[in-house]
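Just to be clear, the model below is a prediction. Sequence and coordinates:
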Amino acid sequence: MSSPRRTAARGRIDKRAAILDAAFTVFARRGYDQACVQEIADEAGVAKPTVYNHLTDKETLFHHATETVAEAVRTESLAVVERLREPGDLHVALAEVGIGLLRIYADDRSRALRRLTGSAGCAWIDEALADRFARLCLAGRLRQCDPAVAAEQFLALLTGPWEGRSRQESTVDLQAIVAAAVDTFLRAFGG
């Protein structure tokens, strides 16, 4: 049986999470300048003073909402890259990683995060891929190369075509982009 104190703390955490989720939704929909705290409160299903009790002002709210989403995207992306820890068939593993990363990159939440923060990419994904590629180089699975450059190139082979096609087409064939990216990457860096 949970104590009233623990239940109250859980309710506060849940409310804060709902506020941050609503804030990100509203900021993504309206942009920072056009978003208002009342709209965020309405979206979260709480009173406006409740928003201020949890997060002191609009700027703090924006910071925490984008950081929360960035951390979720980071966690998901790193879990995808982890598939390269001990890959069997390297071509298959790179394709799985490529499709996983591209799905995360192309989802509405990630796109909104990039638009809101003005960030085209994240250094941590480059670093995680570079680490995996360095290990694959040491194991003879990839040619000796600068793993940071290999990571940068792999991500560019995925995101560049997606960016170009998504501006022109309503649906983009992620599988085709990944297949071409993996093929090109392995031609350049394959062991």
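Here it is on my side, so go on.

in this structure, which residue is closest to the centre?
Residue closest to the average C-alpha location in the chain (Cα atoms, centre = their mean): residue 73, at 3.0 Å.

Verify the contact between it and residue 108 for me.
No - counting by Cβ atoms under 8 Å, residue 73 does not reach residue 108; the two are 11.7 Å apart. All C-beta spots, glycine's among them, are computed from the backbone N, C-alpha and C.

Can you list the low-confidence ranges for this protein?
Within the chain, the segments meeting pLDDT under 70 span 1-13, 120-121.

Please enumerate the helices of the chain.
All helices of the chain, identified by DSSP state H, fall at 4-34, 37-44, 48-54, 58-81, 90-106, 108-117, 123-138, 147-168, 174-189.

if we can go back for a sec, which residue sits closest to the residue nearest to the centre of the chain in space, ignoring its chain neighbours?
Once flanking residues are discounted, residue 73 sits nearest to residue 110: 5.5 Å by Cβ to Cβ, 6 or more residues apart in numbering.

Go ahead and confirm the one you found touches residue 104.
Yes - assessed by Cβ under 8 Å, residue 110 is found in contact with residue 104 at 5.7 Å.

give the contact list for the closest residue to residue 28 other than its chain neighbours.
Of all residues not flanking residue 28 in the chain, residue 112 sits nearest, at 3.6 Å (Cβ to Cβ, 6+ apart). Contacts of residue 112 were listed using Cβ atoms under 8 Å, 6 or more residues apart in numbering, and they are 24, 27-28, 69.

Pick the one among these closest to residue 159.
Nearest to residue 159 among these: residue 69, at 18.2 Å, using Cβ to Cβ.

mind listing what the closest one touches?
Contacts for residue 69 (Cβ under 8 Å, 6+ apart) come out as 24, 109, 112-113.

Check those for burial and list the buried ones.
Buried by 16 or more other Cβ atoms under 10 Å: 24, 112-113, out of the contacts of residue 69.

Residue 83: which of those is nearest?
residue 113 (22.6 Å).

Now the closest one. Nearest residue, chain neighbours left out?
Computed as Cβ to Cβ, 6+ apart, the closest residue to residue 113 that is not its neighbour in sequence is residue 69, at 5.3 Å.

how close does that neighbour get to residue 50?
Distance, residue 69 to residue 50, by Cβ to Cβ, to the nearest Å: 21 Å.

got it, and residue 139?
As judged by Cβ to Cβ, residue 139 and residue 50 stand 53 Å apart.

Compare those two and say which is more crowded by neighbours.
Remark: of residue 139 and residue 50, residue 50 carries more neighbours, 17 against 12, as counted by other Cβ atoms under 10 Å.

Looks like that one contacts residue 42 (just checking).
No - Residue 50 is beyond contact range of residue 42, at 11.5 Å (criterion: Cβ under 8 Å).

which neighbours do residue 110 and residue 104 share?
Residues touching both residue 110 and residue 104 (Cβ under 8 Å, 6+ apart) are residue 73.
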